[in-house]
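In: Here's my sequence, what's the structure:
(2 chains)
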Amino acid sequence: MKYVLLFVEPEQYAKDLEAMDQADRDRAFMLAGQWFVENADKVKGGSKLRPPDTATTVRLDGADPVILDGPFVEGKEVVSGYAEVEADNLDDVLAMVKTWPGCPVVEIRPLES
Amino acid sequence: MSTAAGPNRGNGTGTPHAELASVVREHAGRLAAALMAVTGDFSTAEDLVQDAVVTALRRWPTEGIPDRPDAWLFTVARNRGLDVLRREANYRAKLAQLQWPAEPEPDERLRLIFTCCHPALSRPAQIALTLRVVCGLTTAQIARAFVTPETTVARRITRAKRKIADAGIPYRIPDPDELNARLGEVLAVIYLLLNEGYLSTAEKAQSRDLVDDAHWLATLLHQLMPTEPEVIGLLALIKLHRARTDARFDHDGELVLLQHQDRSRWDRDVIAEATQLLTQAARQRRPGPYQLQAAIVACHAEAKDWADTDWEQIVVLYDMLLHLAPSPITRVHRAIALRYTAGPQAALDELDTLGDALDGYHLFHATRADLLRALGQPYQARSADERALELTANPAEQALLQQRISWG
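Out: Numbers count the residues shown, from 1 in each chain, chains lettered A, B, ... in the order given. Next up, the predicted model:
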C-alpha cells in the first residue's frame, strides 16, 4: 500500500530549530537524513517544503479564481514536508514513523490508488 | 449471570436473554475468524456474522436455540455470503468449500481482537467493533448498553471498518516488540466495558450485561495468552467485582457502600479463584496496574469487615499503582485508605493538595465530606456533600448523598 507522510511542525518547533547553534542544527538535519537512508526501501519520494510564508493559495469556489498570499489554513502547526512511502500495511508505517527523529507530529494518509 | 433486572438484551420472550447472549458470544467470534480466513476481508466477514446474529436473535426466542447453534449460524452466514459474493467467484468457491465445524486456530481469534483494538482506531470504535465482531452483539444492543443512538453506533462501525480497509490496518498478531503496547489497548477496552457495566445503575440495567462481556473477553484472552500477567490481573479484577455484585444494591435498588455491604452475600468461591489467579500472576514478577488494582480489591474481599481491612497493605499497593500509573483519582482512593493508617487529618491534608485537579469530581467532595465529618466539622462536611451531589449524574450515588445531607 502507498501512503504519504505529512511532517508537521508546531510553531515552537520551528523557533527552537532557529534558536539552535549551527552545529546542533546540522546534527538535527543529519539525524533526519539518516532516517531517510535507513528507510530507503520504503520511501519512494518526497521533500521538505519551503516555509508557509512562501505559499500561494488559489480559491476556486467563487465566480473567478482568487489568488491569495499564504497557506490555505493559518495555523500554529504547518506541514513542513512530505514523503511518499510504500509498505505492506499500516503497522509497518507506524513502526517506521515511531523512530522519526525530526518534527514532533507526523500524519499518515493512505493514497487512493 | 445478572439477569434479574432490566430489559432483555436479546429482544426475546421465551429464552432468557443471558442464555441467548452467551450462546451468540461463544460462536460469533469463531465464525467471524473462520470467515475472515476464507474471504480475507474483515468488513465482509463481519457483515455476514452480524447478519446471522440478527437472524438468530429474531428466530431463536420463538423457535428455541438450535442443538448446534454454531452450525446454524454458520449455515445462515454461508448462504448469505454465497448470495452477497455472487460476483466474486474466488471467494464464493472458497466459501462453498468451507465446512462446519471449522475450528479456527486459537491465533485466528487473537488476530480478530487485535485488529478490533488497533490503536489507529478511536476508543469508542474499538469498543463497538470488539463487541460486535468478537462478542457478537448487534448494533442495537451496543447502542442500548451505552445509551447512544443506534445511528451513531452504526456510523462508528462503518467508519472503523472503512478505515481498516483503506488505511491498511493489518489482520495479525502484533510483533513481540509492540505486543505489550498493543495488549494494553485490548485490556483498556475490556476494562472500560467492566467500568461501564459495573458503574451502571438500576436505570441503566442493560449496561450491566457489559460486565458479562468483559468477563468473557478476559477469559478468552487468558486462554489465548495464558502467561500474560496483566491479562490475569484484569480477569481477577473482574471476578472480584462480580463476587460482590449481589451485595452492592439493596432491595430498593439503592447503592450500598463497601463499608456497609453484607459480606456474607459475597461469593467466597469466586474470591478464592481470583486470589489464586493473582498469586499465579505475581510469580512472573511483572507487576502492572490491573494486577495492583485487583490486589487492592482482594484486600477488601478477604477482610472480615471494614475494620479488619489491611489498610497498611492497601496504602502500599496504591503507592505502587501511583508509581506505575500516576492519577489524581487514584490519589483520592489512597487518601481514603490513609485515613485508617494515618488518621482523618492526614487524609484530608493529602486530599486538599488535589483540589485544583479534581474540583469537578464528585468522589473528591464526597470523600472530603466524610473526613470533615470525622474531624467534627459538620457544616463544612455538608457543603462538600452538596457539591458532590451537584456533580454526579448517577442516581444511586445521588440517593446516597441526599440521605447524608438530610441526616447530617
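In: what residues are up against the closest residue to chain B within chain A?
Out: With C-beta to the nearest C-beta as the measure, A:Asn89 is the residue of chain A nearest to chain B, at 3.8 Å. Yep, even glycine has a C-beta here, placed from its N, CA and C like the rest. Under the criterion of C-beta atoms under 8 Å, 6 or more residues apart in numbering or on different chains, the neighbours of A:Asn89 are A:Met1, B:Gly168, B:Ile169, B:Pro170.
In: Chain B against chain A: which residues are in contact?
Out: By C-beta under 8 Å from any C-beta of the partner chain, the residues of chain B that approach chain A are B:His118, B:Ala120, B:Asp166, B:Ala167, B:Gly168, B:Ile169, B:Pro170, B:Arg172, B:Pro174, B:Asp175, B:Glu178.
In: Farthest pair within those residues?
Out: Greatest spatial distance in the residues of chain B next to chain A: B:Asp166 and B:Asp175, 22.6 Å, computed using C-beta to C-beta.
In: and the next element down the chain from the strand or helix carrying B:Ile314?
Out: Using DSSP states H and E, B:Ile314 maps to helix B:311-324. Stepping forward along the backbone from helix B:311-324, the first helix or strand reached (DSSP H and E) is helix B:328-342.
In: Output that following helix as PDB, restricted to C-alpha atoms.
Out: Output in PDB follows, covering the C-alpha atoms of helix B:328-342 (Å, rounded to 0.1, in the frame of the first residue of the first chain):
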ATOM      1  CA  PRO B 328      -5.200  12.200  40.800                       C
ATOM      2  CA  ILE B 329      -8.200   9.900  41.100                       C
ATOM      3  CA  THR B 330      -6.100   7.000  42.400                       C
ATOM      4  CA  ARG B 331      -4.700   9.500  44.900                       C
ATOM      5  CA  VAL B 332      -8.200  10.100  46.200                       C
ATOM      6  CA  HIS B 333      -8.600   6.400  46.800                       C
ATOM      7  CA  ARG B 334      -5.200   6.300  48.500                       C
ATOM      8  CA  ALA B 335      -6.300   9.100  50.800                       C
ATOM      9  CA  ILE B 336      -9.400   7.100  51.800                       C
ATOM     10  CA  ALA B 337      -7.100   4.300  52.900                       C
ATOM     11  CA  LEU B 338      -4.700   6.700  54.500                       C
ATOM     12  CA  ARG B 339      -7.400   7.800  56.900                       C
ATOM     13  CA  TYR B 340      -7.200   4.300  58.600                       C
ATOM     14  CA  THR B 341      -3.500   4.300  58.800                       C
ATOM     15  CA  ALA B 342      -2.600   7.900  59.500                       C
END
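In: Make CSV from the residues of chain B next to chain A and add pLDDT to it.
Out: Shown next, in CSV, are the residues of chain B next to chain A (pLDDT from 0 to 100):
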residue, pLDDT
B:His118, 97
B:Ala120, 96
B:Asp166, 94
B:Ala167, 95
B:Gly168, 95
B:Ile169, 95
B:Pro170, 94
B:Arg172, 90
B:Pro174, 92
B:Asp175, 89
B:Glu178, 90
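In: of those, buried ones?
Out: Using 16 or more other C-beta atoms under 10 Å in any protein chain shown as the burial test, these include B:His118, B:Ala120, B:Ala167, B:Gly168, B:Ile169, B:Pro170, B:Pro174 as buried.
In: What is the least confident helix or strand in the chain?
Out: As the question left the chain open, I've gone with chain A. In chain A, no helix or strand scores lower on mean pLDDT, DSSP states H and E than helix A:11-19, which sits at a mean of 88.
In: Chain B was what I was after
Out: One helix or strand of chain B scores below all others by mean pLDDT, DSSP H and E: helix B:89-97, with a mean of 73.
In: contact partners of the helix or strand hosting B:Leu372?
Out: Per DSSP H and E, B:Leu372 falls inside helix B:362-374. Residues outside helix B:362-374 that contact it (C-beta under 8 Å, 6+ apart): B:329, B:332, B:335-336, B:339, B:344, B:347-348, B:351-352, B:354-355, B:358, B:378, B:380-382, B:384-385, B:387-389, B:391-392, B:397, B:401, B:404, B:408.
In: got the CA positions of it in CSV?
Out: Output in CSV follows, covering the C-alpha atoms of helix B:362-374 (Å, rounded to 0.1, in the frame of the first residue of the first chain):
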residue,chain,number,x,y,z
HIS,B,362,-17.9,14.1,42.9
LEU,B,363,-15.9,11.4,44.8
PHE,B,364,-13.3,14.0,45.8
HIS,B,365,-16.0,16.1,47.5
ALA,B,366,-17.8,13.1,49.0
THR,B,367,-14.6,11.9,50.5
ARG,B,368,-13.8,15.3,51.9
ALA,B,369,-17.2,15.4,53.4
ASP,B,370,-16.6,12.1,55.1
LEU,B,371,-13.3,13.2,56.5
LEU,B,372,-14.7,16.6,57.7
ARG,B,373,-17.5,14.8,59.5
ALA,B,374,-14.9,12.6,61.2
